[in-house]
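In: Dropping a prediction and its sequence here:
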Amino acid sequence: MRYDAQRMTPKRKDGSAGMAEDRTDYYRDYWRSSKLGSSEHLRWKTQVTREHARLRDARSVLDVGCGSGHLLEALRVPGRRLCGVEMAEGAAQSLESRGIEGHAVDLESGALPFGDGEFDVVVCYDVLEHVFAPSRLLHEIRRVLRRDGAAFLCVPNTLNLFNRLVFLTGRFVDIMDTSHEADEMFSNHIRLFHKALFERFIEAGGFRVAERHWYFPARFSDTRYPLAPWLTRIITLPRLHELWPSAFALGFLYVCESTG
């Protein structure tokens, strides 16, 4: 084997990269990131999910791409089955050590290890933009969801105003991406969503949108963007992210129901 000088990942003799191995290596420790477990965005997603009426009577919840399991921990109630899947074996083992069912799955090409219609609620937050084949993963989510269940799907809005303004300066920095914290050359996001595309994607996947939530933080905790509090209030007080989400929302969280 030889190594790619740019990413130091193994290549086969014919020059093709071992993509499955690369993904496993990349995500082995990605889920441990402190930024993923302490962000304003995570707190917002947790609040929306935990307080939602569709969770009140849910007896089974699957989190696809669950990371450290922060959201699943927040959804604990007696008698509820909680299950998480992650790319990294270490993440699955961490869940199991805390009494949560965990599975290591290649979300790019592997099938979710569950039967049809097994879950009342399936959550997939900020994962679809990280895979080459999000439609395949969405199909798997629909398969394991009960016919009358709810899928909670969340993606960042690539066309938010901040990104647009930075793009005009001749640079591209995705405010909802973590790659620039380590000065990585490329974004962690493979598929880039905006509002119209996300809704078309959901419809093509056999879902309808039952409810929409728009994200913009009350304050920026990301030290890369030390914006003054009054700048965020310009957006949040008149609720511009809700009035014009395609431009001002940093992320979309949709509650979806199967159409089939």
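Out: It's in.
In: Please name the nearest non-neighbouring residue to V255.
Out: E211 (3.9 Å; CB to CB, 6 or more residues apart in numbering). For the C-beta atoms, the positions are set from N, CA and C on the backbone; glycine is no exception.
In: now the strands for this protein?
Out: Secondary structure of the chain (DSSP state E): strands at 2-3, 10-11, 60-64, 81-86, 101-104, 119-125, 145-156, 207-215, 251-258.
In: Mind checking these for the one nearest to L197?
Out: strand 145-156 (9.3 Å; CB to CB).
In: worst average pLDDT in the strands of the chain?
Out: For the strands of the chain, mean pLDDT drops lowest on strand 2-3, to a mean of 29.
In: ok, S187 touching I175?
Out: No - the pair S187 / I175 is not scored as a contact, 11.3 Å apart, by CB atoms under 8 Å.
In: Now do the contacts for I141.
Out: Going by CB atoms under 8 Å, 6 or more residues apart in numbering, I141 touches 64, 112, 122, 124, 151, 153.
In: need the contact list for the closest residue in space to the first one that isn't next to it in sequence.
Out: To tie it back to what came earlier, the one meant is V64. Nearest residue to V64, sequence neighbours excluded (CB to CB, 6+ apart): C124, at 4.2 Å. Applying CB under 8 Å, 6+ apart to C124 gives the contacts 63-65, 137, 141, 151-154.
In: which among these gets closest to L250?
Out: Looking across the contacts of C124 and measuring by CB to CB, the closest to L250 is C154, at 11.0 Å.
In: what about the closest one, neighbour count?
Out: 23 (other CB atoms under 10 Å).
In: Kindly report the same for A210.
Out: 12.
In: what sits against it?
Out: 150, 254-257 are the contacts of A210 under CB under 8 Å, 6+ apart.
In: just those now: which is nearest R98?
Out: Distances from R98 to those, taken by CB to CB, are shortest for A150, at 24.5 Å.
In: circling back to that earlier point, spell out for me the ChimeraX command that would select the buried members of the contacts of A210.
Out: Buried residues within those, by 16 or more other CB atoms under 10 Å, are selected in ChimeraX with:
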select :150,254,255,256,257
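In: Let's have the contacts of A210 in CSV, adding distance to F201.
Out: Below are the contacts of A210 laid out as CSV (distance: CB to CB, whole Å):
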residue, distance to F201
A150, 17
Y254, 10
V255, 15
C256, 11
E257, 15
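In: out of the contacts of A210, who's nearest H194?
Out: Y254 (13.4 Å).
In: So the closest one sits against F198, correct?
Out: Yes - the pair Y254 / F198 is scored as a contact, 7.4 Å apart, by CB under 8 Å.
In: would you turn the strands of the chain into a markdown table with distance to Q93?
Out: Shown next, in a markdown table, are the strands of the chain (distance: least, CB to CB, whole Å):
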| stretch | distance to Q93 |
| --- | --- |
| strand 2-3 | 28 |
| strand 10-11 | 25 |
| strand 60-64 | 16 |
| strand 81-86 | 10 |
| strand 101-104 | 7 |
| strand 119-125 | 20 |
| strand 145-156 | 25 |
| strand 207-215 | 31 |
| strand 251-258 | 28 |
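In: nearest to P245, of the ones you listed?
Out: Taking the strands of the chain one by one with CB to CB, strand 207-215 is closest: 4.4 Å.
In: Quick check: buried residues in that closest one?
Out: 207, 212-215.
In: need the helices for this protein, in chain order.
Out: In the chain, the segments counted as helices under DSSP state H are 19-27, 34-37, 40-50, 53-56, 70-74, 89-97, 134-144, 161-168, 195-204, 229-236, 240-243, 245-248.
In: mind putting those helices in CSV, distance to E108 included?
Out: Listed next are these as CSV, based on distance: least, CB to CB, whole Å:
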stretch, distance to E108
helix 19-27, 6
helix 34-37, 19
helix 40-50, 22
helix 53-56, 28
helix 70-74, 21
helix 89-97, 16
helix 134-144, 8
helix 161-168, 25
helix 195-204, 17
helix 229-236, 35
helix 240-243, 31
helix 245-248, 28
